[in-house]
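In: Take a look and give me a structure for this.
(one chain, ligands or ions: 1)
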Amino acid sequence: MLGIPDLPPDFRHSAVSRILGVGIATLDLINEVDSYPAEDAEVRALAQRRVRGGNVTNSLAVLAQLGHRCAWLGTLAEDAGSRHILEDLARHGVDAAGAIRVPGGTTPTSYIALSRATGSRTIVHFRDLPELDAAAFERFPLAGIQWIHFEGRHPTETARMIASARCGCPGAVVSIELEKPRPGIEALFEGPHLILAGRSFAEASGFARPGAFLAHLYARTDAGLCVLGWGAEGAYYLVRGGTVQHAPAHPPARVIDTLGAGDCLNAGVIDGLARGLSHGEAIARAVRLAGFKCGRRGIDGLIAAASAAAVL
Ligand code: FRU
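Out: Here you go, the predicted structure:
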């Protein structure tokens, strides 16, 4: 049993699922610094990396390593950055053939200061690329897709996409990530089977503690399961009809890189549920994976390393 009460009855879980991720792809310029600089300081980076980023594409890259057949749908510029993104997705085996090209568009970029002292990442994100709209989503062939995961952005259009996913692909599980508050985001509370919220979303919604936020969300959604990542505390979750549960964190011996840890948590939850684990097992395993990720740089080779370390 998948453990989400209102899942479509004909959902068949298997070790490998066809998963569609709808959201952004970015170019991340990561500067590793000794410690986070003060305002108006000038510091030298100790190392620099240029990698493909973006929450949904990060999650897909992890899900593909876990053996799922993944496709990405989002907008893509026509510049060197977009070529880099496509190369990286291809390297991970994520199908990006459906991506919508924006003529003359510029790849969204994140300038990231990664502190070697703490492993924390500070992100300055710039985007000037139109978001995917519902019309483009409706043109994407959903036949055979078993799981559709959205980023909680562009609420009006995304709400339409969720409605058409539920109607056009009734056998698929629909999940959504709520990472940042946006005007009208409540429109995304109803429709998904699974909500994956983040601490910054809860805090920006006025909740200092996870339990109160989950109770608030629960009253406003028809999702069967709400999961809330809470950084170094792990994750909290609420199954419809149940009480708030806690999956404690598994911090690495040394925190090296927290960039994308939430995206790994989301991938871990999706993978566990798609494999038929109970919600408690799936979330505990996802929290272990996210903690393991924080002890390594980037997400390349994450799953092989996590398996070798018996984290999965
Ligand atoms: C990490 C990340 C980065 C990206 C930023 C976008 O979660 O997806 O890869 O630059 O967040 O908000």
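In: From now on I want contacts and neighbour counts done on CA atoms only, so please keep to that.
Out: Will do.
In: Tell me which other helices or strands whichever strand or helix holds residue 214 touches.
Out: For residue 214, the host element (DSSP states H and E) is helix 210-218. In terms of contacts (3 or more CA pairs under 8 Å, 6 or more residues apart in numbering; DSSP states H and E), helix 210-218 is packed against helix 199-204, strand 225-229, strand 234-239.
In: Recalculate using a threshold of 6 Å.
Out: Contacts defined by 3 or more CA pairs under 6 Å, 6 or more residues apart in numbering; DSSP states H and E place helix 210-218 against no helix or strand at all.
In: okay, it in PDB with CA atoms only?
Out: Output of helix 210-218 as PDB, limited to C-alpha atoms (Å, rounded to 0.1, in the frame of the first residue of the first chain):
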ATOM      1  CA  PRO A 210       6.100  22.500  12.400                       C
ATOM      2  CA  GLY A 211       3.000  21.000  14.200                       C
ATOM      3  CA  ALA A 212       1.000  24.300  14.000                       C
ATOM      4  CA  PHE A 213       1.900  24.700  10.300                       C
ATOM      5  CA  LEU A 214       0.900  21.200   9.500                       C
ATOM      6  CA  ALA A 215      -2.400  21.600  11.300                       C
ATOM      7  CA  HIS A 216      -3.000  24.800   9.400                       C
ATOM      8  CA  LEU A 217      -2.200  23.200   6.000                       C
ATOM      9  CA  TYR A 218      -4.200  20.100   6.800                       C
END
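In: Return the distance of stretch 290-309 from the chain's centre.
Out: Counting by CA atoms, centre = their mean, to the nearest Å, stretch 290-309 is centred 16 Å from the centre of its parent chain.
In: can you pull the contacts of the nearest residue to residue 235 once chain neighbours are set aside?
Out: Closest residue to residue 235 apart from its sequence neighbours, by CA to CA, 6 or more residues apart in numbering: residue 229 at 4.3 Å. Neighbour list for residue 229: 198, 199, 235 [criterion: CA atoms under 6 Å, 6 or more residues apart in numbering].
In: The helix holding residue 214 relative to strand 234-239, how many degrees between them?
Out: Interaxial angle of helix 210-218 relative to strand 234-239 (axes from the mean of the first three to the mean of the last three CA atoms, to 10 degrees): 40 degrees.
In: Going by neighbour count, list what's buried in helix 210-218.
Out: Residues 210, 211, 213, 214, 217, 218 are the ones in helix 210-218 that count as buried (16 or more other CA atoms under 10 Å).
In: what pLDDT does the fifth one get?
Out: Right, the one you point to is residue 217. What the model reports as pLDDT for residue 217 is 98.
In: Same question for the second one.
Out: If you check residue 211, the pLDDT there is 97.
In: how far away is it from the ligand?
Out: Look at residue 211 and the ligand: by CA to the nearest ligand atom, to the nearest Å, they are 23 Å apart.
In: All set, thanks.
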